[in-house]
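Chemist: Everything below, folded, please.
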Amino acid sequence: MMGNCIKICIFATVLAVLTSCDDGRLYEEAPLQTVEGRMVNFTAQLSGVGTWPDTEYFLELAGFEEGNEYALISKIVPAPSVEGGEVTVQLTGVKDNVTRVELCVLNRLRKRILSFYTIEASQLNASSSINADAGTLNVGMFSAIQAQVFNTTCVHCHGGAESAAAGLYLTEGRSHAALVGVPSRKAVGMNIVEPGKADESVLYQAIATDVSIKDSWRYNHTAEVVNADILTMIRTWINQGAKE
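Modeler: You can find the predicted model right below:
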């Protein structure tokens, strides 16, 4: 008799729990969250990602509107599992006011410092889902200095012809070895680039101060780099060890 009572009590308890979980009302399902805007699927084989100091600069896939150098939307680009390996980044929510999407370096204020690859408005407007393959890119910090500074201005005197001014070759593939730890012909007792010490490096003094004017180098080297952000980048590169 006692056993039957216990069974009845257990059954009643389970039944009460089950009925309390279902009060008979119908609830609306939560609406699916949709993301407005276009989607960019970006792929590239990248090297040099880890050369940027991650407290100062950020390699990102970023969207910009016309005339604005500050990113409206962006996503960090991870380093590949192996140097030169493939990286895929998906940037969603790219709205109509975004006219360019770039693989670029941003500073802490989300300002574009330089760009490695650009998806133009014509590509963005062609579809709501854009696939972009940038191929093989070296996005390293020194590679950026080579492309943005040495190749655009310096090589005209430093290696573009048969000879190089002051014996300094700044052409691609030769510049790093010609700069780092190499004694300067212009400033006795100093290296052209002294790793970790931008202010004691002749390269930085030449482009950031009036030393080339005061010491009669025949050319004002400050004319070569007038962008303050690029000057800061070169200074940071030297202070971070001047790695290739």
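Chemist: Could you pull out the strands in this structure for me?
Modeler: 38-47, 57-64, 73-76, 86-94, 100-107, 112-119, 129-138 (DSSP state E).
Chemist: Using JSON lines, please lay out those together with distance to Ser163, mean neighbour count and mean pLDDT.
Modeler: C-betas here are computed from N, CA, C, even on glycine. Formatted as JSON lines, those follow (distance: least, Cβ to Cβ, whole Å; neighbours: other Cβ atoms under 10 Å; pLDDT from 0 to 100):
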{"stretch": "strand 38-47", "distance to Ser163": "31", "mean neighbour count": "19", "mean pLDDT": "97"}
{"stretch": "strand 57-64", "distance to Ser163": "35", "mean neighbour count": "23", "mean pLDDT": "98"}
{"stretch": "strand 73-76", "distance to Ser163": "44", "mean neighbour count": "17", "mean pLDDT": "98"}
{"stretch": "strand 86-94", "distance to Ser163": "41", "mean neighbour count": "16", "mean pLDDT": "98"}
{"stretch": "strand 100-107", "distance to Ser163": "33", "mean neighbour count": "22", "mean pLDDT": "98"}
{"stretch": "strand 112-119", "distance to Ser163": "30", "mean neighbour count": "18", "mean pLDDT": "97"}
{"stretch": "strand 129-138", "distance to Ser163": "27", "mean neighbour count": "14", "mean pLDDT": "97"}
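Chemist: Which of these sits closest to Ala177?
Modeler: strand 129-138 (16.8 Å; Cβ to Cβ).
Chemist: which residues sit against the closest one?
Modeler: With contact meaning Cβ atoms under 8 Å, 6 or more residues apart in numbering, strand 129-138 is reached by 38-48, 84, 101, 103, 116-117, 119, 123-124.
Chemist: With stretch 79-92 instead?
Modeler: 35, 37, 39-47, 49-50, 61, 63, 73-75, 77-78, 101, 136.
Chemist: Same question for stretch 148-163.
Modeler: So stretch 148-163 is in contact with 114, 164-166, 168-172, 174-175, 219, 224-225, 230, 234, going by Cβ under 8 Å, 6+ apart.
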